[in-house]
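J.: sharing a sequence plus its predicted fold:
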Amino acid sequence: MRTLRQLLPVNDSRSNPNAAPIITKNFLLAFGGHFCIGMAFWPYVLLPLFLGNLGYDSFMIGVLMGTASVSGVLIRPWIGVRLDRQGRKPLLIGAASLFVGVNLGYILVDETGPLIYGIRLLHGLSIGPLFAAIMTFAADIIPEERRTEGFAYFGIAGHLSGSISVMLGEWMIWLGGFSALFISGAVMSLIAVIFFSMLSEPDFKRLEKSSPSLWEIAKDQRFVVLWIVSLSFSLGLSSYFIFLKPFAETVGLTNVSFFFTTYSSVAVLIRLFGVRLPQQLGEKKVLSISLGCLAIGILMISHLPTIWGLMFTGMLCGTGHGYGFPILSSILIKNTSRKIRGSVITFYTLLFDIGFLIGAPLWGLLVTISGYNMMFLTAALMIIGGILLVLHRQ
């Protein structure tokens, strides 16, 4: 068993990029489904405005945004077992179908009350399995020797949808209100169901005996550093995914698509033209630098309250996300047996739900008590803590 210190990578540029093809029929279908889910998912960065219009304050907006993560966390143990025993395709189709209904359910919400909590819980029940299954499916079909590169290419689907959908979402809200946004999300989720239904289940050794519990995976000494870094990464992401729109409204910026379009476009460009940089310079070095860009970007959001400021901070944060997520994913999967891959990736994605579950009310409380400057500063410090941990593990 490899030790904790050995798990984080060192410089290694010996990989052969021509060893096996990445782009296959399954890859393109999964990419299309991932893109459509992204088109439905990304505009929910605008949901805090919807909740504010209903009458919720910053803290309660944070609580409601975190509510989706509650169900996402609770369902994770079941997801891991199903992925390892029954395959990836059934969960992809089922979760995407549920997300169709969730998008339509938001149309029914027109006042404060229990209904919005129920919809948010269903939101988490659909998104949690979706992202765990999408990542596991991608890990199955991407050649092992091209894992970081393949994940970078696959992640373009999520970021490309982000560069388009938030801008379209703000336009649809202006044109037809939030109902138009929710209907479009349902349509895109339905198209994703069609893509997923055409997938061929990849070969994998189904786990017959009991899979390791999430607690056993959590305390596996090979992965502890990755878990902590991933959680700090998630907490940082939650700060601007949830509260960028409310912050922008307070400084007179009604359009945050400048941030998310730049954010996603930079991440896409990185994954197209800088995909082999981690292999050339070393994954640990690129991971540390990219997380540093993310921390600086988060810190500067409240200090550059202009359109150009949103674009600049979006560029920095997009650089951090563009490199950080595929590198962490690649390191994890390289050190995971195919038999328990679903369970391990499920726990990995669980950390992002936990980050949003903790971060949403925490950031909302900090905004209420100390304002946006303190909130973004604290989020940046979370990321810096993850960087120091990466650098410490030489």
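T.: The structure has been received and is ready for your questions. Numbering: from 1, shown residues only.

J.: packing partners of the strand or helix carrying residue 186?
T.: Assigning secondary structure by DSSP states H and E places residue 186 in helix 147-197. In terms of contacts (3 or more C-beta pairs under 8 Å, 6 or more residues apart in numbering; DSSP states H and E), helix 147-197 is packed against helix 25-41, helix 89-105, helix 114-141, helix 257-273, helix 277-281, helix 307-334. Any C-beta I mention is one placed from the backbone N, CA and C, and that applies to glycine too.

J.: okay if I get those helices as a markdown table plus mean pLDDT, distance to residue 182 and mean neighbour count?
T.: Listed next are the helices and strands packed on helix 147-197 as a markdown table, based on pLDDT from 0 to 100; distance: least, C-beta to C-beta, whole Å; neighbours: other C-beta atoms under 10 Å:
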| stretch | mean pLDDT | distance to residue 182 | mean neighbour count |
| --- | --- | --- | --- |
| helix 25-41 | 93 | 9 | 22 |
| helix 89-105 | 92 | 5 | 21 |
| helix 114-141 | 87 | 10 | 23 |
| helix 257-273 | 84 | 18 | 22 |
| helix 277-281 | 78 | 38 | 18 |
| helix 307-334 | 86 | 25 | 23 |
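
J.: still on that earlier bit, what angle separates the helix holding residue 186 from helix 257-273?
T.: 110 degrees (axes from the mean of the first three to the mean of the last three C-alpha atoms, to 10 degrees).

J.: next, the angle helix 25-41 makes with helix 147-197.
T.: Using the same axes, to 10 degrees, helix 147-197 lies at 80 degrees relative to helix 25-41.

J.: pLDDT below threshold where in the stretch 51-200 of the chain?
T.: 80-82, 84-86, 148 (pLDDT under 70).

J.: hang on, the earlier thing: the helices and strands packed on helix 147-197 into JSON lines, with extra columns for distance to residue 245?
T.: Below are the helices and strands packed on helix 147-197 laid out as JSON lines (distance: least, C-beta to C-beta, whole Å):
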{"stretch": "helix 25-41", "distance to residue 245": "15"}
{"stretch": "helix 89-105", "distance to residue 245": "18"}
{"stretch": "helix 114-141", "distance to residue 245": "17"}
{"stretch": "helix 257-273", "distance to residue 245": "9"}
{"stretch": "helix 277-281", "distance to residue 245": "32"}
{"stretch": "helix 307-334", "distance to residue 245": "11"}
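
J.: out of those helices, the one nearest residue 159 is which?
T.: Nearest of the helices and strands packed on helix 147-197 to residue 159, taken as C-beta to C-beta: helix 257-273 at 4.0 Å.

J.: so which elements touch the closest one?
T.: Using 3+ C-beta pairs under 8 Å, 6+ apart, helix 257-273 sits against helix 147-197, helix 307-334.

J.: out of the helices and strands packed on helix 147-197, which gets nearest to residue 226?
T.: Of the helices and strands packed on helix 147-197, nearest to residue 226 by C-beta to C-beta is helix 307-334, at 5.8 Å.

J.: which residues does the nearest residue to residue 197 once chain neighbours are set aside contact?
T.: Excluding the flanking residues, the one nearest residue 197 by C-beta to C-beta, 6 or more residues apart in numbering is residue 93, at 5.8 Å. Going by C-beta atoms under 8 Å, 6 or more residues apart in numbering, residue 93 touches 193, 196, 197.

J.: try residue 88
T.: Per C-beta under 8 Å, 6+ apart, neighbours of residue 88: 133, 136, 137, 140, 201, 202, 342.

J.: how about the CA coordinates for stretch 362-370, as PDB?
T.: Extracted in PDB, the C-alpha atoms of stretch 362-370 (Å, rounded to 0.1, in the frame of the first residue of the first chain):
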ATOM      1  CA  LEU A 362     -21.400  29.800   7.100                       C
ATOM      2  CA  TRP A 363     -20.800  32.300   4.400                       C
ATOM      3  CA  GLY A 364     -24.300  33.600   4.800                       C
ATOM      4  CA  LEU A 365     -23.700  34.100   8.500                       C
ATOM      5  CA  LEU A 366     -20.400  35.900   7.900                       C
ATOM      6  CA  VAL A 367     -22.100  38.200   5.400                       C
ATOM      7  CA  THR A 368     -24.800  39.000   7.900                       C
ATOM      8  CA  ILE A 369     -22.200  39.700  10.700                       C
ATOM      9  CA  SER A 370     -19.200  41.100   9.000                       C
END
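
J.: quick one: contacts of it?
T.: Contacts for stretch 362-370 (C-beta under 8 Å, 6+ apart): 57-63, 65, 238-239, 242-243, 246, 374-375, 378-379.

J.: just the buried ones from those residues, in ChimeraX syntax?
T.: The buried subset of the contacts of stretch 362-370, as determined by 16 or more other C-beta atoms under 10 Å, is captured in ChimeraX by this line:
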select :58,59,60,61,62,63,65,238,239,242,243,246,375,378,379
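
J.: so the helix or strand containing residue 73 versus helix 89-105, what angle?
T.: Element membership for residue 73 (DSSP H and E) is helix 58-86. Computed by the same axes, to 10 degrees, the angle separating helix 58-86 from helix 89-105 equals 150 degrees.

J.: now helix 58-86 against helix 114-141, angle please.
T.: Going by the same axes, to 10 degrees, helix 58-86 makes 40 degrees with helix 114-141.

J.: nearest spatial neighbour of residue 373, chain-adjacent residues omitted?
T.: Nearest to residue 373 is residue 302, by C-beta to C-beta, 6+ apart, at 4.8 Å.

J.: got a list of what the one you found touches?
T.: Taking C-beta under 8 Å, 6+ apart, one finds 247, 372, 373, 376 in contact with residue 302.

J.: top of these by neighbour count?
T.: Highest neighbour count within those, by other C-beta atoms under 10 Å: residue 376, with 27 neighbours.
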